[in-house]
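# Only the shape, not the letters, is given here:
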C-alpha cells in the first residue's frame, strides 16, 4: 500500500529553521553572515586570522572561537561537542562528528587520527543522536602513495609497508563500526587518487555490508563520470551480495581539479556548467531511489531544489519520510532552513559537525568562509533568512 501523503515542506519557514536560536544568537549570526557577504573582507580577514594565530597575539583564539569557530564547529574536543549533539537531537537532527584536523602526514599523526575516529564511533554507539561517523583516507594514510597506487606505479618496500598500514587503519575503523552497528562515511577526495579510495571503500563494503550498509562511499557529482561509477558500484554490490551505501555531494575541489588537470595535460573531470552538475546530481538521486532495495543514500547538499526532489521521489516510490535507507545532511552552521524543516517533517536529517583545536581547524574554517562567499547566493540566502526571522520576531513582540 502507498505511504500516507507526506506534509508539504517549506524551506522558507524561518520559525522552524531558527527555533533553536535565541534573539541574541540570531543577531550574532546576522553579523557573521553580513561579513561573509563581503569577499574582500573574507580574504583579508582570513589572512589576518592566520597571521595572528601564528604570532600568538593575545585574544586571537578567543575571538575566533566566539565567531566563525562557534558558528561552524562543535568544539575543540568530542567532550565539548556534547551540548551541540544534545541540542540538535532535541530537534530530531543527528550529528556527524567530523574530526577536521589536517594531520602532519606521518605514522604518528595517522595513528592519532585513527584513535580519534574510533572514539567517535564508540560515542555514536552510545548515543541515539549520532547516526554516522566519517573519515578521510588521507587522514590515516599518505596521499602521495594513494596517488602512486592509482597511477599503477611500483611502490618501494617502505611505501608498500606504509600502504599496508593505511589499509589496517581503515579496516580497524570499519571493523569497529560494524561491531557497533554504526554507519561510517568514507569521504571523497581529489580525482588523482579517488580510484584508490573507491577500491578501499568497496573492499570494506564487501567485508562489512553483508546485512546492511555500514560502510558508505562518497560520490562527487560535479565529476561527469560519477553517476556511471555509482551504477557500476551498484551492479558490483548486487553481484557480490552486499549493500551499497552512498553519500551524494556536489564536490569540494573544483578549482584545484581544473588547475591540476591543465597542468597534467588531461581532461578536466569537472562538469563544464553548474546546470550539468545539478542535472547529474538529480539523476543520481533518481537512480538511488529506484534501487533502494540495494542502495542506501545520504543527500549531502545545501541545494533546496535537490532536497525537495528527493522528498518527492520518496513519495513517488512509496518510501516513508523516516525510511532508514535515506538521509539528508547539511553542514553545521549553514542551511538550517533545510535541516530543521526536513527534520520537522519526519525526514532523517543530520548535521556535519566539525571539531578540533582552533589552530588545527583553521584551514577548514577558511574554506567554509571562502565557499560561502563563492557559492552564488549562498551567503545572501542565509543572510536573507536570518533577516526574515528577525523581522518576524520583531512583528510578534
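Right, received. Where do you want to start? This one's a predicted model, so the numbers in the text were calculated from it and none came from an experiment.
# before we move on, what SS does the closest residue in space to residue 383 that isn't next to it in sequence have?
Leaving aside its chain neighbours, residue 383 sits nearest to residue 33 (4.5 Å; criterion: CB to CB, 6 or more residues apart in numbering). In short, each C-beta sits where N, CA and C put it, glycine included. Residue 33 carries the three-state label helix when classified by DSSP: H, G, I helix; E, B strand; the rest coil.
# What's the local residue count around residue 33?
Residue 33: 23 surrounding residues under other CB atoms under 10 Å.
# Would you mind measuring from it to residue 188?
27 Å (CB to CB, to the nearest Å).
# Repeat that for residue 296.
17 Å.
# what do you get for residue 396?
Distance, residue 396 to residue 188, using CB to CB: 44 Å.
# do residue 120 as well
For residue 120, the distance to residue 188 - CB to CB - is 19 Å.
# Residue 359 now?
26 Å.
# what secondary structure does the nearest residue to residue 188 once chain neighbours are set aside sit in?
Residue nearest to residue 188 in three dimensions, not counting chain neighbours: residue 218, with 3.8 Å by CB to CB, 6+ apart. Judged by three-state DSSP, the three-state class of residue 218 is strand.
# Just list whatever residues bridge to residue 218.
residue 247 (DSSP bridges).
# That one: neighbour count?
Neighbour tally, residue 218, other CB under 10 Å: 25.
# Let me know whether it touches residue 184 as I believe.
No: here residue 218 does not reach residue 184: they are 11.1 Å apart, not a contact under CB atoms under 8 Å.
# Quickly list what's touching both of the two.
Counting by CB atoms under 8 Å, 6 or more residues apart in numbering, residue 218 and residue 184 have no common neighbour.
# what about residue 396 and residue 188, which has more around it?
Neighbours were counted for residue 396 and for residue 188 using other CB under 10 Å; residue 188 has more, 25 against 7.
# Quote the end-to-end distance of stretch 174-193.
For stretch 174-193, the first and last residues are 20 Å from each other (CA to CA, to the nearest Å).
# In that stretch, which residues are buried?
174-178, 180, 182-193 (16 or more other CB atoms under 10 Å).
# from these, which ones fall inside helices?
Of the buried residues of stretch 174-193, the ones assigned to helices by DSSP state H are 174-178, 180, 191-193.
# Please identify which helix or strand holds residue 298.
Assigned by DSSP states H and E, residue 298 belongs to strand 295-300.
# Which other helices and strands does that strand contact?
Applying 3 or more CB pairs under 8 Å, 6 or more residues apart in numbering; DSSP states H and E, we find strand 295-300 packed against strand 215-220, strand 244-249, helix 274-290, helix 304-316, strand 326-331.
# repeat that for 7 Å
strand 244-249, helix 274-290, helix 304-316, strand 326-331 (3 or more CB pairs under 7 Å, 6 or more residues apart in numbering; DSSP states H and E).
# ok, and what's touching that strand?
213, 216, 234, 243-249, 285, 288, 306-307, 310, 325-329 (CB atoms under 7 Å, 6 or more residues apart in numbering).
# Quick one: neighbours of the residue nearest to residue 252 when sequence neighbours are not counted, just the number.
Spatially, and ignoring its direct neighbours in sequence, residue 252 is nearest to residue 220 (7.1 Å; CB to CB, 6+ apart). Per other CB under 10 Å, the neighbour tally for residue 220 reads 27.
# How much space separates residue 220 from residue 101?
In terms of CB to CB, residue 220 sits 22 Å off from residue 101.
# just for this structure, where's the confidence low?
Along the chain, the model assigns pLDDT under 70 to residues 1-7, 38-58, 367-379.
# what sits against the residue most central in space within it?
By CA atoms, centre = their mean, the chain has its centre lying nearest to residue 352, at 5.6 Å. Shown in contact with residue 352 (CB under 7 Å, 6+ apart): 96, 98, 329, 331-332.
# can you list the residues that contact whatever helix or strand residue 70 lives in?
Element membership of residue 70, judged by DSSP H and E, is helix 70-72. Helix 70-72 has contacts (CB under 7 Å, 6+ apart) with 29, 32, 332-333, 354, 365, 368.
# Out of those, the closest to residue 111 would be?
Within the contacts of helix 70-72, the smallest distance to residue 111 is 20.9 Å, found for residue 354 (CB to CB).
# Wait, the closest one touches residue 75, no?
No: look at residue 354 against residue 75 with CB atoms under 7 Å: they stay out of range, at 9.6 Å.
# With neighbour numbers in mind, choose between the two.
residue 354 (24 against 21).
# a helix runs through the more buried one, doesn't it?
No: going by three-state DSSP, the assignment for residue 354 is strand, not a helix.
# Quickly list what it is bridged to.
The partner residues for residue 354, given DSSP bridges, come to residue 98.
# how close does it sit to residue 98?
Taking CB to CB, one finds residue 354 at 5 Å from residue 98.
# ok, residue 13 touching residue 342?
No: between residue 13 and residue 342 there is no contact under CB under 7 Å: 11.0 Å.
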